[in-house]
Structures are given as structure tokens and as C-alpha cells.
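Undergrad: Below are the sequence and a predicted model for it; my questions follow.
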Amino acid sequence: MGLENWLRFQRRLGAKGAPRPKKPALPPAPASERPTLAEIRQELGDCQRCKLARGRTHIVFGEGSPQARLMFLGEGPGEEEDLQGRPFVGPAGQLLNNLLHKLGLRREEVYIANVVKCRPPRNRDPEPDEVAACLPFLLKQIDSIQPLVIVTLGRPATQNLLKTEAPLGKIRGIWQKYKNIKVMPTFHPSYLLRSPRERHKTWEDMQQVMEYLAAHETD
């Protein structure tokens, strides 16, 4: 169905929270004043800013719509992502694709990225110096896209974006905020592969996300 058609359909059904949103107190900068994704990628270049560069095959910058209203954020590329240079294309990515399909969404209309853009060895969590080197580029991507909602996938993505040490179990499924953007923390697909009984919780989180998007749909 596609995100825009789904949102209009939900509004016709009287989706929860359907009244138009209030204007944010601090509106985002005009698009003409924000860097494009291509400009950010050019600035990143053949990045050697941290030790992850030594072991990578490809930089995994991110992919999707530059005008995406919904953004997914993971912690870092895995083996398959490193080989292909694309985010979430391994087994966890297939699970994310299945989730999007069930929601009536396509990868091309959302944006998918990671906190770090090179694969950490053995898929370990990104270390503080690696995050410090890479996070500015992610924040520029967010500023460029200006999504309505960011879904953080897993603890490292959630804690690094929100600058919090709160355990994922305490804030999962509870709306957070980055600047004026709503943030929904949920489980990483790789965790759901190991713990399939928890998948209904991520589905419930995504229902909140879709209701919010439907309530804030613009003509």
C-alpha cells in the first residue's frame, strides 16, 4: 500500500490521535539550509577517523528516502552489511524487511542507518571513541532527512542517540525525543531472532509508531 496511502487510509478510519499536530516550538531549518545526504556522504569520504576503518570492507552509509518520515537506527553493520555496503541485509535485515512488509511499508520509503558506519570486530558493540567519530555524521543525516519518527533498534542505538544510560528494558515502547523528533526504542531484530517470543512487543511498539504517523499525516 505504501506509507502515504496507509496514512491517508488510517485518517479516513479515524486513527487514534487524528487531529493535526501543534507546530513545534523550534521548527526545523528550511531544507535549503540543511546538507543533503549526498553532501554528507562526500564529507565522510574514505573515512579513517577511527580504528574500525582498518577492518572494514565497505562503509555502510545508510539507504532509503531522503524525505523519509520514518527512520530506523541500528548500532553498526554486521558481516553481510560490510560485504554489501548496505544496512540490514543479513538475517536481522530480513526480519526487519518482514516487519516492514506486514506494516505495508517498503524499504524505499523509510530510511535505515546505523550509529557507526563500519563493522565492529565480531559484531561487538561500538566503543565510545568509535561512536564519537561517527555520530556527527548520523546526526547530520537526521537533520537532513527530518523524519517524524526514529525507531532505535536495540540498546546501543538507543543509548547513543538519546545520550542515556537507561536500560532498554525500562524505556522500550515508551516515547522519547531527540530534538523535536519522536523516538521509539525497541528491540534489535538480531535479538528477536534469538528470542522470537518477544516479537509481539516490537509489533506493539510499531503500532504506536504507525498511529503517530497517521495522526500527523499531511495532505
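TA: Happy to help now that I have it.

Undergrad: Distance check, the residue most central in space within the chain against residue 175.
TA: Central residue check for the chain by C-alpha atoms, centre = their mean: the C-alpha nearest the mean position is that of residue 72, 1.8 Å away. Shown here: residue 72 relative to residue 175, a distance of 16 Å by C-beta to C-beta, to the nearest Å. From N, CA and C alone the C-beta is placed, and that goes for glycine too.

Undergrad: Strands of this protein, residue ranges please.
TA: Counting by DSSP state E, the chain has strands at residues 63-64, 70-74, 111-114, 149-153, 176-178, 181-186.

Undergrad: Sheet partners, orientation included, of the first one?
TA: Spelled out, it's strand 63-64. Pairing partners of strand 63-64, with direction, according to DSSP bridges: strand 111-114 (antiparallel).

Undergrad: Over to the longest one?
TA: The partner list of strand 181-186 in its sheet, established with DSSP bridges, is strand 149-153 (parallel), strand 176-178 (antiparallel).

Undergrad: Let me have those in CSV, extended by mean pLDDT and mean neighbour count.
TA: Below are these laid out as CSV (pLDDT from 0 to 100; neighbours: other C-beta atoms under 10 Å):
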stretch, mean pLDDT, mean neighbour count
strand 149-153, 98, 26
strand 176-178, 98, 14
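
Undergrad: Which of these sits closest to residue 36?
TA: The minimum distance between residue 36 and these falls on strand 149-153, with 19.0 Å, by C-beta to C-beta.

Undergrad: distance between that closest one and the chain's centre?
TA: Centroid separation for strand 149-153 versus its chain: 4 Å, with C-alpha atoms, centre = their mean, to the nearest Å.

Undergrad: ok, now stretch 159-178?
TA: Going by C-alpha atoms, centre = their mean, where stretch 159-178 is centred and where its chain is centred differ by 13 Å.

Undergrad: burial measure for residue 156, as a count.
TA: Burial of residue 156 is recorded as 23 neighbouring residues (other C-beta atoms under 10 Å).

Undergrad: Chain neighbours aside, what residue packs nearest to residue 172?
TA: With C-beta to C-beta, 6 or more residues apart in numbering as the criterion, residue 172 has its nearest non-adjacent residue at 5.1 Å, and that residue is residue 185.

Undergrad: Thank you kindly, that will do.
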